[in-house]
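> no sequence for this one, just the structure:
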């Protein structure tokens, strides 16, 4: 979710059952706050007010990046679908995914404040759910194609909402892919797939592993490693 502050602009807010207290941090130039699951926005804002000077001091050392809000101006990039925004006459925000046409249509009520906390939370959930549906349809068959091409077989492919990595591979030759991979260009999706498939032969990141990956990528492993750092596993 996102809250708006008159001094610091839009602030990302995270809240789940593992968080026990209010907190503040700056990650990648983005101001983030954390709130316990039982917390409330008023207490969150009071915590921010008490720590404004700390944030100001931190911002002297780093340039604060703008948090993107979900709306008609949101620059969404995915190989699975684009987002269309349409006003309609009902009372809630809903999404309709058509993978054949590669479109996610988000319908919002006439006069709706798209940038309120409630609306932003709903829209983000709609997009994430669409990413999961699309990934489950697209990625397993894509991985199978890559697997056959490079000659490394896997036993299964699972799609997950991973927040900190693009993929993983188990010792049982099961490849797990993040649905957020669909935010990547096609060549980087295949880079992640090849990387994880190579773990079936080398369950480490040693010299033999990197030699195999680099060979399968025509000597471009380092290039892809640099490129993928430009993308985030989060919306």
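On my side now, so go ahead. Here the structure is a predicted model, which is why all the values come from computation and not from measurement.
> tell me which residues in the longest helix seen in the chain are buried?
As assigned by DSSP state H, the longest helix anywhere in the chain is helix 117-150. Buried residues in helix 117-150, counting neighbours by 16 or more other Cβ atoms under 10 Å, are found at 119-124, 126-127, 130-135, 138-140, 142-143, 146-147, 150. For glycine as for every other residue, the C-beta is placed from the backbone atoms N, C-alpha and C.
> pretty sure residue 136 contacts residue 160?
No: taking contacts as Cβ atoms under 8 Å, residue 136 lies outside contact range of residue 160: 10.1 Å.
> For residue 154, which residues are in contact?
By Cβ atoms under 8 Å, 6 or more residues apart in numbering, residue 154 lies in contact with 143, 147, 169, 173-175, 197, 200.
> buried subset of the residues you listed?
Buried among the contacts of residue 154 (16+ other Cβ under 10 Å): 143, 147, 169, 175, 197, 200.
> Would you agree the second one is in contact with residue 156?
Spelled out, that is residue 147. No: counting by Cβ under 8 Å, residue 147 does not reach residue 156; the two are 11.3 Å apart.
> quick one: low-confidence parts of this protein?
65-67 (pLDDT under 70).
> returning to that earlier point: sheet partners, orientation included, of the helix or strand just after the longest helix of the chain?
Next helix or strand after helix 117-150 toward the C-terminus (DSSP states H and E): strand 156-160. Applying DSSP bridges, strand 156-160 is found paired with strand 174-178 (parallel).
> Show me the contact partners of the partner strand.
Contacts of strand 174-178 (Cβ under 8 Å, 6+ apart): 135, 139, 143, 154-162, 165-170, 192-193, 196-197, 233.
> Residue 191 touches residue 222, doesn't it?
No: Residue 191 is beyond contact range of residue 222, at 11.1 Å (criterion: Cβ under 8 Å).
> where along the protein do the strands fall?
2-5, 9-14, 23-27, 30-34, 82-88, 94-98, 103-109, 156-160, 167-169, 174-178 (DSSP state E).
> ranking those by burial, who's on top?
Most buried of these by mean neighbour count (mean count of other Cβ atoms under 10 Å) is strand 174-178; its value is a mean of 21.
> got the angle between it and helix 117-150?
When axes from the mean of the first three to the mean of the last three Cα atoms, to 10 degrees is applied, the directions of strand 174-178 and helix 117-150 differ by 140 degrees.
> so what's residue 202 up against?
208-209, 212.
> Return the distance of it relative to residue 60.
Going from residue 202 to residue 60 by Cβ to Cβ, to the nearest Å gives 45 Å.
> From residue 216, how far out is residue 1?
Counting by Cβ to Cβ - residue 1 and residue 216 are separated by 41 Å.
> Kindly report the same for residue 122.
Taking Cβ to Cβ, one finds residue 122 at 42 Å from residue 216.
> domains in the chain, as residue ranges please.
By the assignment in automatic domain parsing, the chain contains the domains 2-59, 82-133, 135-228.
> okay if I get those domains as a markdown table plus distance to residue 68?
A markdown table is the format used below for the domains of the chain (distance: least, Cβ to Cβ, whole Å):
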| stretch | distance to residue 68 |
| --- | --- |
| domain 2-59 | 8 |
| domain 82-133 | 10 |
| domain 135-228 | 13 |
